[in-house]
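Visitor: Build the 3D model from these lines:
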Amino acid sequence: MATHGKKYRKVAEKTEDKVYSVSEAIDFLKANKIAKFDETAELAIRLGVDTKKTDQTVRGTVALPHGTGKTVRVAVFAAGAAADAAREAGAEFVGNEDLIEKVKGGWVDFDIAIATPEAMKEVRKLGKVLGPRGLMPNPKTGTVSDDTAAAVRESKAGRVEYRMDRNGNVQVPFGKLSFEASKLQDNVNAVIVAVASARPAATKGVFIKRCTLSSTMGVGLRVEVRE
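Guide: Residues are numbered from 1 along each chain as shown. Below is the predicted model:
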């Protein structure tokens, strides 16, 4: 059974048995960093949905006002003018048949995949490679588009994807602990608004049931969120 280290336990002892405000939770995490590296701040949301019904699936993207603090490597499946536009926008990897063959061989050294509708005819065949890693381009997340330049710029500017898991939970990174507290709060607010706005029409009752803020190595703090 896994156990937490001394640093974690020491920080956990400082927590209070209460529901924190978002600003209080962010201040606590910043003041009680555990790791030597710059930890990622994360938001976990428990949704009040029926996970057995496909019409209650929650998935989408949100543009973080202050970015993620992470260098995003983008791969674009496109040809012709769309490929040229993706390169000019800063995509690290651009190709069509050649890139598809490379990924078929197991190469997935990128963070976001974008494809034109035309390229998707072949990219769909990469489901076994891209699917399990959450890298398959999808129109709902803006990663299937003829405007590859805009898609690349948005991805690099801080657009993150959120997706409900099979238990009805959504977990989204929203910055680094080194960010100013106000910027972290702007980012987390953007995520909460985006997820709340994605409420399926078929969902009844309370949609956002519980929210927890944490960092890569830190404790989780339950926060109060009103829809």
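
Visitor: mind pulling up the phi and psi values for Phe207?
Guide: phi -90, psi -50 (degrees, to the nearest 10).

Visitor: Which residue, neighbours along the chain excluded, lies closest to it?
Guide: Distances taken as C-beta to C-beta, 6 or more residues apart in numbering place Arg199 nearest to Phe207, at 4.8 Å, with adjacent residues excluded. C-beta: built from backbone N, CA, C; applies to glycine.

Visitor: Next, work out how far apart that neighbour and Gln56 are.
Guide: The spacing between Arg199 and Gln56, counted by C-beta to C-beta, to the nearest Å, is 9 Å.

Visitor: so which helix or strand takes in His4?
Guide: His4 is part of no helix or strand, with elements assigned from DSSP states H and E.

Visitor: ok, Ser21 touching Val223?
Guide: Yes - here Ser21 reaches Val223: they are 6.7 Å apart, a contact under C-beta atoms under 8 Å.

Visitor: what's the domain layout of the protein?
Guide: 6-67+159-223, 74-157 (automatic domain parsing).

Visitor: can those domains go into JSON lines with extra columns for mean pLDDT?
Guide: Formatted as JSON lines, these follow (pLDDT from 0 to 100):
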{"stretch": "domain 6-67+159-223", "mean pLDDT": "92"}
{"stretch": "domain 74-157", "mean pLDDT": "94"}
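
Visitor: Would you convert those into JSON lines that also reports mean neighbour count?
Guide: Shown next, in JSON lines, are those (neighbours: other C-beta atoms under 10 Å):
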{"stretch": "domain 6-67+159-223", "mean neighbour count": "17"}
{"stretch": "domain 74-157", "mean neighbour count": "18"}
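
Visitor: list the contacts for the residue lying closest to Glu224 once chain neighbours are set aside?
Guide: Residue nearest to Glu224 in three dimensions, not counting chain neighbours: Val19, with 4.8 Å by C-beta to C-beta, 6+ apart. By C-beta atoms under 8 Å, 6 or more residues apart in numbering, the contact list for Val19 reads Arg222, Val223, Glu224.

Visitor: Okay, and the beta partners of the second one?
Guide: Using DSSP bridges, the bridge partners assigned to Val223 are Tyr20, Cys211.

Visitor: Hmm, Ser214 and it touching each other?
Guide: No - in this structure, Val223 is not within contact of Ser214 by C-beta under 8 Å, at 10.2 Å.

Visitor: could you pull out the strands for this structure?
Guide: With strands called from DSSP state E, the chain shows them at 40-47, 59-63, 74-77, 93-95, 112-115, 159-163, 169-176, 208-215, 221-223.

Visitor: From Asn189, how far out is the closest residue to Gly60 other than its chain neighbours?
Guide: Sequence neighbours aside, Ala198 is the residue nearest to Gly60 in space, at 5.0 Å (criterion: C-beta to C-beta, 6+ apart). Using C-beta to C-beta, Ala198 is found at 15 Å from Asn189.

Visitor: Give me the angle between the longest helix seen in the chain and strand 169-176.
Guide: Among the segments of the chain that qualify as a helix by DSSP state H, the longest is helix 181-197. Put simply, helix 181-197 runs at 160 degrees to strand 169-176, going by axes from the mean of the first three to the mean of the last three C-alpha atoms, to 10 degrees.

Visitor: quick one: contacts of helix 181-197?
Guide: Counting by C-beta under 8 Å, 6+ apart, residues outside helix 181-197 touching it are 22-23, 26-27, 30, 41, 43, 45, 47, 58, 60-66, 160, 162, 170, 172, 174-175, 177, 179, 207-208, 211, 213, 225, 227.
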